[in-house]
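1. Give me a model of this one.
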Amino acid sequence: MIGRVLSKTRAVWVRASGRLPGLDAGASIHYSVDVTQESCRQIAIERGAIIARHAWLNALGPADEPVLMIRRGAAIGRNNVISAKNRIEIGADVVTAPQVLIMDHGHAFEDINVPILRQGVNAGGTIVIEPGCWIGFGAVIVSNKGELRIGRNSVVGANAVVTSSVPEYSVVVGSPARVVRQYSPETERWERVSALAEAESRKA
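-> Take a look at the predicted model:
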C-alpha cells in the first residue's frame, strides 16, 4: 500500500517537474525505478505500461526526442536494465521477466592505449520488440549495429542472448539465441523447427 502511494506520488512529481514529460498519466512506474536521460524528452512511456521496482531506464546522446519508447500495456520486470542510444521500441503488451538487459549499443574497446572505461560507447544499432512478446528471465538483447527486430508474439527463453533478429511467432533459446519452435498456420500449432523443415522438404 505504501509502495503504491509512493509510486503514484513520484509519477505525478516527475511529470509536473518536467523531468519525464513522456510518462503518460495512465502508466505505472515504481518509485524505486532509476531514470537517467540527457534530455527530458528521450523516454516515452505510454498508457497502461508498468515499470516494476529497481528497473533502470537509461537514454544516451544528444537527441531531444524519444529514443526509448515503451508502448501501451507493456510490463517491464524487476531489475531490468534498458539502455538506449539510437532507438529501442518495446511494443504494446510486451512482458519482460526480471533481470532482463536490453541495449542498442555496447562499450567501445578498440583502442588498446585507452582504458575501456574511457572509450565511451560504440555507434550501436536499433532494437524493436514487436507487440505481444515474452522476454524470459535473465535474457540479454543487444544490437551493436543495424536493426535487431523481435517479431510479434515471440518468446525469448530464460538467459538467452539475442544479437540478431527473430522471426515473428518464434521461440528462441541459448547463447547465441536460435529458433527452436515456430507457429505453423497450417497445423495451427507451435512446431519444432526440425518438424517444419521436414514438412517443407516433403513439399519440394
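2. In the chain, which strand is the longest?
-> Scanning the chain for the strand with the most residues, using DSSP state E, yields strand 178-184.
3. and the helix or strand following it, which strands flank it?
-> Later in the chain than strand 178-184, the nearest helix or strand by DSSP states H and E is strand 189-192. Strands that pair with strand 189-192, judged by DSSP bridges, come out as strand 178-184 (antiparallel).
4. okay, and the helix or strand of the chain with the least pLDDT?
-> Ranked by mean pLDDT, DSSP states H and E, the helix or strand of the chain with the weakest confidence is helix 193-203, at a mean of 61.
5. quick revisit: now do the buried residues in the longest strand of the chain.
-> Residues 181-183 are the ones in strand 178-184 that count as buried (16 or more other Cβ atoms under 10 Å). Heads up, the C-betas are built off the backbone N, CA and C, glycines and all.
6. Need those in JSON lines (columns: distance to residue 74 and pLDDT).
-> Converted to JSON lines, those look like this (distance: Cβ to Cβ, whole Å; pLDDT from 0 to 100):
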{"residue": "181", "distance to residue 74": "23", "pLDDT": "96"}
{"residue": "182", "distance to residue 74": "23", "pLDDT": "96"}
{"residue": "183", "distance to residue 74": "21", "pLDDT": "94"}
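7. so where is the chain shaky, pLDDT-wise?
-> Flagging of the chain using pLDDT under 70 yields the residue ranges 1-3, 5-6, 13, 16-17, 195-204.
8. all helices of this structure, in order?
-> Counting by DSSP state H, the chain has helices at residues 2-16, 193-203.
9. Distance of the nearest residue in space to residue 122 that is not next to it in sequence relative to residue 68?
-> Nearest residue to residue 122, sequence neighbours excluded (Cβ to Cβ, 6 or more residues apart in numbering): residue 108, at 4.8 Å. According to Cβ to Cβ, to the nearest Å, residue 108 and residue 68 sit 21 Å apart.
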